[in-house]
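[1] This is the structure alone, sequence omitted:
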């Protein structure tokens with residue numbers, strides 16, 4: 001169901017009929033009085049619009065981003081790519097496939113676009129600043145945030161001739177600084193400052209050079225489901241444990257983030273594929289370094305724990321900025337302590353044991369079995385039920 005806010009319904013009625021806001025409100029109140037207890041104010045506004053022959057939305061029309069509503073289908077919209085994220089493969093108990101997402105904008109706003117399966121492969125043809133024309137998208141609500149989704153039947157046209165888009169100034173959302181212990185499963189843009197305490201080997205995997213799809217070695221060679229027999233290229237991923245004193249967390253660095261962390265390009269990193277021993281000194285150099293990362297929390301169902309999929313890496317955090325944030329955290333902690341002193345504290349022996357057990361559990365490093373399983377199950381990493389949001 002398309003959910004148009006009441007104020008937008010009134011605005012559309014006013015635009016189409018020339019009625020004032022007071023006149024529209026009077027008609028809505030009259031309709032509520034006529035149907036007491038049977039409809040909401042929003043429902044009454046829909047009826048008023050219908051009686052006045054006002055179309056609140058035309059399915060299939062090109063929309064301004066600000067007018068896109070959850071529940072819309074067959075949506076056409078034009079926007080400029082403001083930010084894009086890497087394609088991801090996913091696998092769940094019921095589904096497997098690929099997903100990618102990007103942010104597009106026009107002079108009225110910004111919206112996330114989610115591309116599924118074959119559509120997701122188009123992300124590799126896009127760059128920030130490109131103009132895109134979407135046809136046949138559908139709009140979903142994701143925790144109060146509207147998203148345009150592209151299915152197999154949708155179309156994405158890159159840089160259509162003669163189309164220009166003016167973009168409203170865009171500032172990326174500010175990440176929320178948290179301690180590792182406070183990270184929740186649904187955190188989508190969280191920042192941590194932590195020390196590298198464990199580094200695994202880089203995992204390399206073959207992909208199709210045309211569509212970036214994962215490929216496997218068969219009797220006749222490497223086969224891509226779309227492009228047949230190919231000579232593969234390689235992508236890679238690196239797992240690192242970070243610790244900030246409150247807890248430790250496994251963090252996942254994909255190709256671009258690996259290159260940022262190591263300050264290396266792809267050709268330099270590929271050396272470690274043929275000779276992993278050359279990566280050992282770098283692993284040692286990384287240990288003990290304090291870095292700042294921004295990413296999205298993901299629940300690892302195998303080990304029932306939260307992990308962080310990294311999308312930004314800062315190898316050299318600004319000391320002045322970190323001191324400022326530390327002062328803010330101390331002030332916040334002092335305030336929370338004062339509030340806590342006004343509530344009863346559970347000093348039971350059972351609560352003490354539970355707290356100690358949790359601390360002991362948090363301090364335990366990953367076992368060898370966990371590390372082995374993590375590497376073997378890497379390609380099936382569940383990035384969340386729809387991945388976006390990555391990044």
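    Right, received. Where do you want to start? If you're wondering where the values come from, they're calculated on a predicted model, not measured in any experiment. Residues are numbered from 1 along each chain as shown.
[2] Any buried residues in the longest helix along the chain, and which?
    The helix that spans the most residues within the chain, counting by DSSP state H, is helix 319-340. For helix 319-340, burial by neighbour count (16 or more other CB atoms under 10 Å) applies to residue 325. Any C-beta I mention is one placed from the backbone N, CA and C, and that applies to glycine too.
[3] where's residue 338 relative to residue 329, distance?
    15 Å (CB to CB, to the nearest Å).
[4] where do the helices sit along the stretch 1-150 of the chain?
    6-17, 21-34, 41-51 (DSSP state H, counting those that start in this stretch).
[5] Give me the contact list for the longest one.
    Put plainly, it is helix 21-34. 10, 13-14, 19, 39, 41, 44-45, 47-48 (CB atoms under 8 Å, 6 or more residues apart in numbering).
[6] export those to TSV and tack on neighbour count and distance to residue 233?
    Below are those laid out as TSV (neighbours: other CB atoms under 10 Å; distance: CB to CB, whole Å):
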residue	neighbour count	distance to residue 233
10	18	55
13	22	55
14	15	56
19	18	61
39	15	59
41	13	57
44	22	59
45	27	55
47	16	58
48	22	59
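[7] between the residues you listed, which is nearest residue 266?
    residue 10 (54.5 Å; CB to CB).
[8] coming back round to it: just put the helices of the stretch 1-150 of the chain in JSON lines and tack on mean pLDDT.
    Below are these laid out as JSON lines (pLDDT from 0 to 100):
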{"stretch": "helix 6-17", "mean pLDDT": "84"}
{"stretch": "helix 21-34", "mean pLDDT": "90"}
{"stretch": "helix 41-51", "mean pLDDT": "86"}
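[9] Point out the most buried one among those.
    Compared across these, helix 41-51 shows the largest average neighbour count, a mean of 17 (mean count of other CB atoms under 10 Å).
[10] If you count contacts, what does that helix end up packed against?
    helix 6-17, helix 21-34 (3 or more CB pairs under 8 Å, 6 or more residues apart in numbering; DSSP states H and E).
[11] So which of those helices is nearest residue 105?
    helix 6-17 (19.4 Å).
[12] so which of the helices of the stretch 1-150 of the chain gets nearest residue 308?
    helix 6-17 (37.3 Å).
[13] quick one: low-confidence parts of the stretch 251-391 of the chain?
    Across the stretch 251-391 of the chain, the ranges flagged by pLDDT under 70 are 342-391.
[14] Run through the helices of it in chain order.
    So, for the stretch 251-391 of the chain - with DSSP H, counting those that start in this stretch - the helices run 255-262, 266-269, 271-274, 280-286, 319-340, 349-363, 368-376.
[15] closest one to residue 113 among the helices of the stretch 1-150 of the chain?
    helix 6-17 (21.5 Å).
[16] mind checking how far that closest one is from the chain centre?
    Distance of helix 6-17 from its chain centroid, counting by CA atoms, centre = their mean, to the nearest Å, is 33 Å.
[17] before we move on, the earlier item: for the contacts of helix 21-34, which one is nearest residue 314?
    Using CB to CB, the shortest approach to residue 314 within the contacts of helix 21-34 belongs to residue 10, at 46.0 Å.
[18] quick one: that closest one from residue 148, how far?
    From residue 10 to residue 148 the distance is 25 Å (CB to CB).
[19] can the contacts of helix 21-34 go into CSV with extra columns for distance to residue 242?
    Converted to CSV, the contacts of helix 21-34 look like this (distance: CB to CB, whole Å):
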residue, distance to residue 242
10, 50
13, 54
14, 54
19, 59
39, 53
41, 50
44, 54
45, 51
47, 56
48, 56
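[20] okay, now residue 205: neighbour count?
    By other CB atoms under 10 Å, the residues close to residue 205 number 15.
[21] I figured it hits residue 235, correct?
    Yes - assessed by CB atoms under 8 Å, residue 205 is found in contact with residue 235 at 5.9 Å.
[22] ok, now which ones touch the nearest residue to residue 79 once chain neighbours are set aside?
    Spatially, and ignoring its direct neighbours in sequence, residue 79 is nearest to residue 104 (3.3 Å; CB to CB, 6 or more residues apart in numbering). Residue 104 is in contact with 65, 77, 79-82, 110-111, 113, 132, counting by CB under 8 Å, 6+ apart.
[23] how does it look with 7 Å?
    79-82, 111, 113, 132 (CB atoms under 7 Å, 6 or more residues apart in numbering).
[24] ditto for residue 119
    150, 154, 156 are the contacts of residue 119 under CB under 7 Å, 6+ apart.
[25] one more time with 6 Å, if that's ok
    Contact partners of residue 119, counting by CB atoms under 6 Å, 6 or more residues apart in numbering, are residue 150.
[26] thinking again about what came up before, out of the helices and strands packed on helix 41-51, which comes closest to residue 302?
    Using CB to CB, the helices and strands packed on helix 41-51 put helix 6-17 closest to residue 302, at 44.8 Å.
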